[in-house]
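1. Sequence and predicted model, in that order:
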Amino acid sequence: MKPFVVHPDDITFVGEGLFRPECVLCTEKGNIYTADWNGGVACLEPDGRRHLLLPRNPAFQIRPNGIAMCRDGSFLLANLGDEGGLFRLEKSGKLSEVLTILEGTPLPPANFVLVDPDDRIWLTISTRRTPRALGYRPNVADGYIVLIDSLGARIVADGLGYTNEIQFDDAGKWLYVNETFGRRLTRFRVRSDGHLTDRQTVVTFGHGVYPDGLAFDAEGGIWVTSIVSNRVIRIPPEGPPHVVVEDADRDHVELVEKAFLNGNMGRPHLDRVKGQQLKNISSLAFGGPDLRTAYLGCLLGDSLATFRSPVPGRAPVHWKYDQ
């Protein structure tokens, strides 16, 4: 596919009243699900209706960041709240713990969760630092990846520079991971026991790029979203990466760059991002009948930005679960 560019004026929006829709899932049925900081999952139906799936009587406020859909229609919630951990939210509203303690230590705030075709659960922890903003540093690499399968829960990769979204290649032999403040896309070879080895840097990103969201298209291209600069970048199977979308406030990007390199970047640098249209985009999911509509999750908006792609996305594992 030849490089193409989407101008901010060509971006449209769907949904309204969403609460920090950081993570987006699309299904063949046409439903769009987003993480919602009311404590659960918001659903946008094809006819425009919106409803919330919330826990019944939770013990504390869940702050879902990444979400994953399971075969039975329940959702896994990576809790970015101070309590951390991974939870399951059923259609009935029942909320249960999946993993809150690992190796005798409470899990820190969790970033992203992925379910693979074998129903194994992969969870990313961005940093062990408290508060998390202390992990927004170029010299901090204490993030890790947890695997939960029939053998239990265990750390299968460590020493990552703010672990964010993960995705498998088509063959399931490599696991790709965005290191947001390591400013690189990394991949690991996946062993039969789930352990991750042979760490490789796929792309090192430069000025203004803080990789967050991660998705594959049907041609093997990798799509990366960047917080702060509101960029969407496509990495083709062969050839250099190119910017598909950019809606950046250049003065703010320069401010963040300076703070990042000086080691004093904090939450205000992420909470004041603005562009002409986009509000600190964080993730990307392909949907629609032809999988050519890209939906952008975000940290600061209350709706989802969308644009049309000339190449379809790869159908996610959960594509047919919502029947």
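-> Done, it's in. What you are looking at is a predicted structure, and each value in this text was computed from that prediction instead of being measured.
2. Going by C-alpha atoms from here, please, whenever you check contacts or count neighbours.
-> Noted.
3. does residue 34 count as helix, strand or coil?
-> Recorded secondary structure, residue 34: strand (DSSP: H, G, I helix; E, B strand; the rest coil).
4. got a list of what it touches?
-> Contacts for residue 34 (CA atoms under 8 Å, 6 or more residues apart in numbering) come out as 21-25, 41-43, 67, 297.
5. which intervals of the chain have sub-threshold pLDDT?
-> Within the chain, no range satisfies pLDDT under 70.
6. For the longest helix anywhere in it, which outside residues touch it?
-> Identified as the longest helix of the chain according to DSSP state H is helix 250-262. Under the contact criterion CA under 8 Å, 6+ apart, helix 250-262 has outside partners 136-138, 207-208, 228-229, 265, 269, 273.
7. let's see 10 Å
-> Residues from elsewhere that reach helix 250-262, judged by CA atoms under 10 Å, 6 or more residues apart in numbering: 136-139, 181, 207-209, 227-230, 263-266, 268-270, 272-275.
8. Among those residues, name the buried ones.
-> Buried members of the contacts of helix 250-262, scored by 16 or more other CA atoms under 10 Å, are 136-138, 181, 208-209, 227-230, 263, 265-266, 269-270, 273-275.
9. what comes into contact with the host helix or strand of residue 270?
-> Taking DSSP states H and E as the criterion, residue 270 maps to helix 267-271. The contact list for helix 267-271, computed with CA under 10 Å, 6+ apart, reads 131-134, 136, 227-228, 252-253, 255-257, 259-260, 279-280, 299-300.
10. pull the CA atoms of it into PDB?
-> What follows is helix 267-271 as a C-alpha-only set of coordinates in PDB (Å, rounded to 0.1, in the frame of the first residue of the first chain):
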ATOM      1  CA  ARG A 267       0.600  14.100  34.400                       C
ATOM      2  CA  PRO A 268      -0.100  17.800  33.400                       C
ATOM      3  CA  HIS A 269       1.900  17.100  30.200                       C
ATOM      4  CA  LEU A 270      -0.600  14.400  29.200                       C
ATOM      5  CA  ASP A 271      -3.800  16.100  30.500                       C
END
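11. So what's the gap between that helix and the chain middle?
-> Averaging C-alpha positions (CA atoms, centre = their mean, to the nearest Å) puts helix 267-271 18 Å from its chain's average.
12. what do you get for stretch 2-9?
-> With CA atoms, centre = their mean as the basis, the mean position of stretch 2-9 lies at 22 Å from the chain mean.
13. mind listing what's buried in that stretch?
-> residue 8.
14. what does stretch 41-50 give?
-> Neighbour-count burial for stretch 41-50 [16+ other CA under 10 Å]: 41-44, 50.
15. Show me the contact partners of it.
-> With CA under 10 Å, 6+ apart, stretch 41-50 has contacts from 14-19, 21, 23-26, 29-36, 51-55, 64, 67, 75-77, 89, 288.
16. The same query, at a cut-off of 6 Å, please.
-> For stretch 41-50, the external contacting residues (CA atoms under 6 Å, 6 or more residues apart in numbering) are 30-36, 51-53.
17. ok, residue 103 - how many residues close by?
-> Neighbour count of residue 103, defined by other CA atoms under 10 Å: 9.
18. check contacts around it.
-> Under the criterion of CA under 6 Å, 6+ apart, residue 103 has no contact partners.
19. which one is residue 168 nearest to, not counting chain neighbours?
-> Of all residues not flanking residue 168 in the chain, residue 175 sits nearest, at 4.5 Å (CA to CA, 6 or more residues apart in numbering).
20. what about that neighbour, neighbour count?
-> Close neighbours of residue 175, defined as other CA under 10 Å, add up to 18.
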